[in-house]
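Novice: sequence plus predicted model, see below.
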Amino acid sequence: MSNQDSKMDRRVNRTRRQLRNSLMSLILERGYNAVTIEDITERADLGRTTFYLHFRDKEDLLMESLEQIAQDLKTQVEQTGNLNIEDGRTWINPVAVVFQHVEENRDLYRIILKGEGSSKAASRIRDIIEESATDYFARHMSGIMSNPPEVPRSLVAGYFAAAMMGFVMLWLEKELPYGGDEAADLFVKLFFRGAANVLNLTIEV
């Protein structure tokens with residue numbers, strides 16, 4: 001790649017990043033439906049022509065942002081696949097990866113999980129969490145189960161994904177004072193120990 005091509009790539013990436021950041025900040029301020037292309041380009045200090053060189057519309061811009069974090073999250077979760085599950089608590093690391101990723105992309109997750117944006121965008125972010133949670137469960141939980149569970153693993157994985165998504169939404173919406181690692185640890189305790197054990201409740205099932 002020539003220096004000129006490299007400079008062009010950096011310029012394109014910088015422009016797309018400016019537009020993404022502008023959209024995110026505007027959605028937080030006004031809500032997705034109230035944001036226009038003109039608002040985005042004005043905030044990014046770019047022209048409308050420049051916008052349309054990169055994106056079809058604001059939904060296209062939002063979906064690209066989602067796909068970027070989706071691929072990044074999947075890559076990070078997959079990289080935990082070689083962990084030694086017998087090495088202390090390292091098997092919990094994939095959960096921490098998800099929560100750290102949410103923390104790093106807090107604004108984007110908050111926007112979508114609160115229902116802002118298109119229905120496709122909201123569906124996609126839920127898919128990201130469910131895919132990552134299910135992949136985590138398949139990779140790491142089977143190895144520490146000595147006996148088949150009473151409930152099919154597929155159902156447990158689905159419940160795990162739903163519980164994680166609900167916890168993430170609560171964490172972001174209520175702006176709970178926990179960092180990613182601490183939030184992950186709290187979620188793990190609630191899910192794997194169960195609320196009854198955490199609260200010292202005696203419940204007959």
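Specialist: Yes, it's here.

Novice: buried residues, stretch 163-178. List them.
Specialist: By neighbour count on 16 or more other CB atoms under 10 Å, the buried set for stretch 163-178 is 164, 165, 167, 168, 171, 172. Quick note: C-beta positions are derived from backbone N, CA and C, even for glycine.

Novice: would CSV of these with distance to residue 41 be doable?
Specialist: Formatted as CSV, these follow (distance: CB to CB, whole Å):
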residue, distance to residue 41
164, 36
165, 33
167, 37
168, 31
171, 33
172, 28
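
Novice: break this structure into its domains for me.
Specialist: 1-55, 57-198 (automatic domain parsing).

Novice: can you redo the ones you listed as TSV with mean pLDDT?
Specialist: Output for the domains of the chain, formatted as TSV (pLDDT from 0 to 100):
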stretch	mean pLDDT
domain 1-55	88
domain 57-198	75
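
Novice: what helices or strands is the lengthiest helix in the chain leaning on?
Specialist: Identified as the longest helix of the chain according to DSSP state H is helix 3-30. If you count contacts as 3 or more CB pairs under 8 Å, 6 or more residues apart in numbering; DSSP states H and E, helix 3-30 packs onto helix 37-44, helix 48-54, helix 58-78, helix 106-113.

Novice: most tightly surrounded among those helices?
Specialist: helix 106-113 (a mean of 20; mean count of other CB atoms under 10 Å).

Novice: tell me what angle that one forms with helix 3-30.
Specialist: Orientation of helix 106-113 against helix 3-30 (axes from the mean of the first three to the mean of the last three CA atoms, to 10 degrees) gives an angle of 60 degrees.

Novice: return helix 106-113 as PDB; C-alpha atoms alone will do.
Specialist: In PDB, the C-alpha atoms belonging to helix 106-113 read as follows (Å, rounded to 0.1, in the frame of the first residue of the first chain):
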ATOM      1  CA  ARG A 106     -21.600   2.500  27.000                       C
ATOM      2  CA  ASP A 107     -23.300   5.200  25.000                       C
ATOM      3  CA  LEU A 108     -24.000   2.900  22.000                       C
ATOM      4  CA  TYR A 109     -25.300   0.100  24.200                       C
ATOM      5  CA  ARG A 110     -27.400   2.500  26.200                       C
ATOM      6  CA  ILE A 111     -29.000   4.000  23.100                       C
ATOM      7  CA  ILE A 112     -30.000   0.700  21.600                       C
ATOM      8  CA  LEU A 113     -31.000  -1.100  24.800                       C
END
